[in-house]
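Student: sequence isn't available, so here's the structure alone:
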């Protein structure tokens, strides 16, 4: 058996659902609310230790205009970003051929590496992104998580569904993924949550048959600091690539990793996240123009 140290396995956001408290559950008999506006007196909320399963991507179909004017089908992105998430999205896009439905995220974040990969893929394909919770037909909209519903989402089938933009979330690395979309539709009431990143280190073990396992391990404070700094450099470079202000990552770094702060509408505009005019690719480089206020 061989043993190798992965210097940086993943840079993780791992924020909670937007609701405060230790879980996403609401009062009995009421729909679970996975997005709650922050209290007027508190700019941040405590994140939950409970996270949804790894993100799943599937094609959803609804009533006419279900996902916007003239939009009846969309890609649902539901769950926690994990390593390989961008690869699963790429596989679905390949299956769709030249079709480019919008993608709606319902995610607490997770792996920043995956988030950046998803963002680059959306920019490459010229995709529109928004935030919304996709509830397939047969799932209970009162339940934030339901085992049978999760299996349905992972069935690989196109699903008849409804899009809920009132009880949804897009936090941490999901915000960085959104930054990569060619067009971002962030409707009134939609909140994007940010906080600082954390680092995980692990040992990678490969046995004689080639099976790989990863075991969490500790690192020195100096190593953690260096890895975090390198990770923030990567995020900043990505944001420049996408035309987003470095103020976004600066704002995120101010919030402790176990807290969550929602961006104001003014910040969405100031950071360049809320754009109405799509990006155009000219000669292999991306250019953009911000929509002027009427």
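Tutor: Here it is on my side, so go on. Just so it is clear, the structure is predicted and the values come from calculations on it, not from any experiment. Numbering: from 1, shown residues only.

Student: could you list the low-confidence segments of the chain?
Tutor: 1-49, 275-294 (pLDDT under 70).

Student: rerun that using 90 as the cut-off
Tutor: Across the chain, the ranges flagged by pLDDT under 90 are 1-51, 98, 144, 187-189, 198-221, 274-294.

Student: could you report the neighbour count for residue 225?
Tutor: Burial of residue 225 is recorded as 12 neighbouring residues (other CB atoms under 10 Å). (Each C-beta comes from the backbone N, C-alpha and C, glycine too.)

Student: so what does it have for phi and psi?
Tutor: Per-residue torsions, residue 225: phi -60, psi -50 (degrees, to the nearest 10).

Student: go on, residue 199?
Tutor: phi -120, psi 140.

Student: looking at it, it is touching residue 231, isn't it?
Tutor: Yes - counting by CB atoms under 8 Å, residue 199 touches residue 231, with 6.8 Å between them.

Student: nearest residue to residue 129 in space, please, no chain neighbours.
Tutor: Closest residue in space to residue 129, ignoring its immediate chain neighbours: residue 181 at 3.4 Å, by CB to CB, 6 or more residues apart in numbering.

Student: over to residue 272?
Tutor: Spatial nearest neighbour of residue 272, chain neighbours left out: residue 244 (5.0 Å); criterion: CB to CB, 6+ apart.

Student: how many neighbours does that neighbour have?
Tutor: 24.

Student: i'd like the first residue to be 52 from this point on
Tutor: All set: I'll call the first residue 52, so the last point we hit is now residue 295.

Student: my guess is it contacts residue 324, does it?
Tutor: Yes - Residue 295 is in contact with residue 324 according to CB under 8 Å; the separation is 6.4 Å.

Student: identify the contacts common to these two.
Tutor: residue 230 (CB atoms under 8 Å, 6 or more residues apart in numbering).
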